[in-house]
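[1] With the sequence up front, the predicted model follows.
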There are 4 protein chains.
Amino acid sequence: MPVMMTAQELNDFMGQVFQQVADDFNVDHVGEGEVTMRLLVSDKHLRPGGTVSGPSMFGLADVAAYIVTLSQIGPQALAVTTNCSIDFMRKPAADVPLIAKARLLKLGKQLSVTDVLLYSEGMDAPVARASLTYAIPPRPIG
Amino acid sequence: MPVMMTAQELNDFMGQVFQQVADDFNVDHVGEGEVTMRLLVSDKHLRPGGTVSGPSMFGLADVAAYIVTLSQIGPQALAVTTNCSIDFMRKPAADVPLIAKARLLKLGKQLSVTDVLLYSEGMDAPVARASLTYAIPPRPIG
Amino acid sequence: MPVMMTAQELNDFMGQVFQQVADDFNVDHVGEGEVTMRLLVSDKHLRPGGTVSGPSMFGLADVAAYIVTLSQIGPQALAVTTNCSIDFMRKPAADVPLIAKARLLKLGKQLSVTDVLLYSEGMDAPVARASLTYAIPPRPIG
Amino acid sequence: MPVMMTAQELNDFMGQVFQQVADDFNVDHVGEGEVTMRLLVSDKHLRPGGTVSGPSMFGLADVAAYIVTLSQIGPQALAVTTNCSIDFMRKPAADVPLIAKARLLKLGKQLSVTDVLLYSEGMDAPVARASLTYAIPPRPIG
């Protein structure tokens, strides 16, 4: 499927619909069914011991799945997460951005399914993996 | 298994190890393998449209699984989440606390498994369900 | 919601739509949003070491989620599993039936979400837990 | 990490430890942290409507995660699945083998985490995705 929104359009859309947190995220690259984006890690995302909190990792995976879905269907603020499975595999670094590589595995009429790998920037091994299902509101025909 | 920490002790321990977020949470009740706790919902937990954010719901489920595990093994700051599966089922209310009812299903030497149901206070139907696995650090014998 | 099919009707329906495996299962009890059913464990369900195989446990959880969904919407052969998360917690016994206690947490227009606990008959601690989402085909109105 | 078992050694090991079902599976290829294997679909794996059953898909994903773990640690019959999350995305074809592409994301001292994509042979889009955690028994040092 062709890409329907550019990285810039997705960043702008995030700024409109997620005002409270949009400054924490940036869409770096959009490909066909693929998005790379980042969490700009700051104090509010950290836990004692110098690591990124679980909710911050979940939040990045969740936004990445939303963004890669929108990149293929256009701006649909009302898509909502219905399920997430996440494995925390390694301790993320506290002082670098967290990178999400999201891949859309299915885009149906009612549901999308996305795989996400999270990395601390500059590290080869992923810190977490997640898969997320979004429910997509009915779309107008044509 | 007998309860090893009271609600007060668990609240105090959260204040020590999760300083940044401990004020958001409160342990209400501890039973045998069961904990009820709450997220005191405030602006930072909300999303446009008047609902609680996904990361906030995940965060409450995650803390509740941690707390019910500690209630049975004592204070072990180093227990870490290895897996979470969460289903978002209904839209939470923005203006009431979010309640977690956590039930410990397994407490092994290396892993605990917990089921959590999340409710908007005063509502009968759960807004989300989650199951979480914690890896438990080796414990001294005796 | 009221129950729309009895245990007998559900057993009969399984016999029609799952001819190949229906004899392995029995619906014991149907309540409001709750079903208890069993897998009659035989050689084909076992693994060396005297335990029930993972696919057999998955299969029972999957059928139980289907049956508890049908108990509330009536016979809909076309409901399909979209997601399952399952935790294997203890080794099931090889020589007793495996019991599933399924509880419907959500019944929406398009999706149902069910929690299932699996037990070896006669044991108190669950051997596995699962949560399953079913996609429900559009239903005629009225 | 170097590969410790060849495809032939893994097939032979399956034949020893999973006598009942080993003939249904074949390891096609082993790479560094990657395995491709197949389920030889036959009548017992089918459901009415001409599709592969959920337990058969789960079973293939489960075996593939086991095999890719063993390919890196050597023959350890006692590794056991502790968690699986699986998304069923498309209807598999009944008349072709089901292919699993498994990728080891983490190999720790106590746990491995594997991602699996399932395909009907000859189709581009995956029919299912799964992630599985295996608990690994303590290994002798050196």
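    Cool, got the structure.
[2] Kindly report the residues of chain A close to chain C.
    A:T82, A:N83, A:S85, A:Q110, A:L111, A:T133, A:A135 (CB under 8 Å from any CB of the partner chain). Where you see a C-beta, it was placed from the backbone N, CA and C, and this is true even at glycine.
[3] Hmm, the fifth one is touching A:L105, no?
    No - under the criterion of CB atoms under 8 Å, A:L111 makes no contact with A:L105, lying 10.8 Å away.
[4] ranges for the strands of chain A?
    Secondary structure of chain A by DSSP state E: the strands cover A:25-31, A:34-39, A:46-47, A:51-52, A:80-88, A:98-107, A:111-120, A:128-135.
[5] Now do the fourth one, average pLDDT.
    For strand A:51-52, mean pLDDT is 94.
[6] What is it packed up against?
    The contact analysis (3 or more CB pairs under 8 Å, 6 or more residues apart in numbering or on different chains; DSSP states H and E) places strand A:51-52 against no helix or strand.
[7] Put together JSON lines for the residues of chain A next to chain C, with neighbour count and pLDDT on each row.
    Below are the residues of chain A next to chain C laid out as JSON lines (neighbours: other CB atoms under 10 Å in any protein chain shown; pLDDT from 0 to 100):
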{"residue": "A:T82", "neighbour count": "23", "pLDDT": "98"}
{"residue": "A:N83", "neighbour count": "25", "pLDDT": "98"}
{"residue": "A:S85", "neighbour count": "27", "pLDDT": "98"}
{"residue": "A:Q110", "neighbour count": "14", "pLDDT": "93"}
{"residue": "A:L111", "neighbour count": "23", "pLDDT": "96"}
{"residue": "A:T133", "neighbour count": "25", "pLDDT": "98"}
{"residue": "A:A135", "neighbour count": "17", "pLDDT": "96"}
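[8] Out of those, name the two that are farthest from one another.
    A:S85 and A:Q110 (19.1 Å; CB to CB).
[9] what does chain A put close to chain D?
    Close to chain D, as judged by CB under 8 Å from any CB, chain A has residues A:85, A:87, A:89-90, A:105-106, A:108, A:113, A:115, A:117, A:125-126, A:129, A:131, A:133.
[10] If we check chain B, which of those are in contact?
    Taking CB under 8 Å from any CB as the test, chain B is in contact with A:S85, A:D87, A:M89 out of these.
[11] Who does the first one form a beta bridge with?
    Judged by DSSP bridges, the bridge partners of A:S85 are A:S131, B:S85.
[12] B:C84 is in contact with that one, correct?
    Yes - counting by CB under 8 Å, A:S85 sits close enough to B:C84 to count as a contact (7.3 Å).
[13] how near is the residue nearest the centre of chain A to chain D?
    Nearest to the geometric centre of chain A sits A:A64, at 1.1 Å (CA atoms, centre = their mean). Distance of A:A64 to chain D, given as CB to the nearest CB, to the nearest Å: 16 Å.
[14] Please list all residues in contact with that residue.
    Residues near A:A64 by CB atoms under 8 Å, 6 or more residues apart in numbering or on different chains: A:V35, A:M37, A:A100, A:K101, A:A102, A:T114, A:V116.
[15] how about the nearest residue to A:T69 once chain neighbours are set aside, what does it touch?
    The shortest distance from A:T69 to any non-neighbouring residue, by CB to CB, 6 or more residues apart in numbering or on different chains, is to A:S112 (4.4 Å). Taking CB under 8 Å, 6+ apart, we find A:S112 in contact with A:A65, A:T69, A:Q72, A:I73, A:A79, A:L104, A:K106, A:T133, A:Y134, A:I136.
[16] Could you tell me how many residues sit around the first one?
    Read that as A:A65. 28 (other CB atoms under 10 Å in any protein chain shown).
[17] And for stretch A:16-30, what's in contact with it?
    Residues from elsewhere that reach stretch A:16-30 (CB under 8 Å, 6+ apart): A:3, A:5-7, A:10-11, A:14-15, A:35-40, A:42, A:45, A:59-60, A:63, A:67, A:71, A:77, A:99, B:44, B:46-48.
[18] In PyMOL, how would I select just the buried ones from the residues you listed?
    Only the buried entries of the contacts of stretch A:16-30 go into this PyMOL selection, using 16 or more other CB atoms under 10 Å in any protein chain shown:
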select buried, (chain A and resi 3+5+7+10+11+14+35+36+37+38+39+45+59+60+63+67+71+99) or (chain B and resi 46+47)
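[19] just checking, which of the contacts of stretch A:16-30 belong to helices?
    A:A7, A:L10, A:N11, A:M14, A:G15, A:G59, A:L60, A:V63, A:I67, A:S71 (DSSP state H).
[20] can you tell me which residues contact A:L78?
    Listed by CB under 8 Å, 6+ apart, the contact partners of A:L78 are A:P137.
[21] how close does it get to B:L10?
    38 Å (CB to CB, to the nearest Å).
[22] By neighbour count, which of the contacts of A:S112 wins?
    That'd be A:A65 among those, by other CB under 10 Å, with 28 neighbours.
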